[in-house]
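> After the sequence you'll find the predicted model.
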Amino acid sequence: MALIRWSPFRDVVTMQGEMDRLVDDLLRSRSEGNGECALCPAADVAELEREYQVHFELPGMDMKDIKVRFTNDLLVVQGEKKQAAAEKGHDWRSVERSYGTFERSFRFPLLVQGDKVKAKYSNGVLTVTVPKAETVTPREIQIEG
């Protein structure tokens, strides 16, 4: 019978690896049936002096598969990243890229000019520019009586 040296850290490392796999599987298994998206592209929102800019990472997507809507103060970006048809002779051993439909929405806290929203797609990044509304000048209200 061989003696095996006990290492408490080996158990911790093993448990950490299993937890990482569990979290990865949960994030990867989000499905459309639950109202969540199978693919949730990363987005950065920047507030500049006169506008907001929202940058979406959408590598490998065609511009025709992306839709941008703006209603009131809500920006909605929808799309579908399609998987290329498998070529003959390929027997995939691992697929790590995400495919499917997505919908991301952002609500803006200040008044914006919805009719002047612009979108530009370049090098796999969608940039949506939402101009802020002109500052409202305060006016005195006459009281009737």
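Received, thanks.
> quick one, helices of this structure?
When secondary structure is read from DSSP state H, the chain shows helices at 8-28.
> looking at this protein, which helix or strand is least sure?
When each helix and strand of the chain is scored by mean pLDDT, DSSP states H and E, helix 8-28 comes last, with a mean of 73.
> okay but Y52 is in contact with V112, surely?
Yes. With contact defined as C-beta atoms under 8 Å, Y52 and V112 form a contacting pair (7.1 Å). Using the backbone N, CA and C atoms, a C-beta is placed for each residue, glycine as well.
> Quickly list what's touching both of those two.
Common neighbours of Y52 and V112, counting by C-beta atoms under 8 Å, 6 or more residues apart in numbering, are V130, K132.
> what sits against the one residue sitting closest to the centre of the chain?
Closest to where the C-alpha atoms of the chain average out (C-alpha atoms, centre = their mean) is P41, at 3.2 Å. Contact analysis of P41 by C-beta under 8 Å, 6+ apart lists F56, E57, L58, F102, R104.
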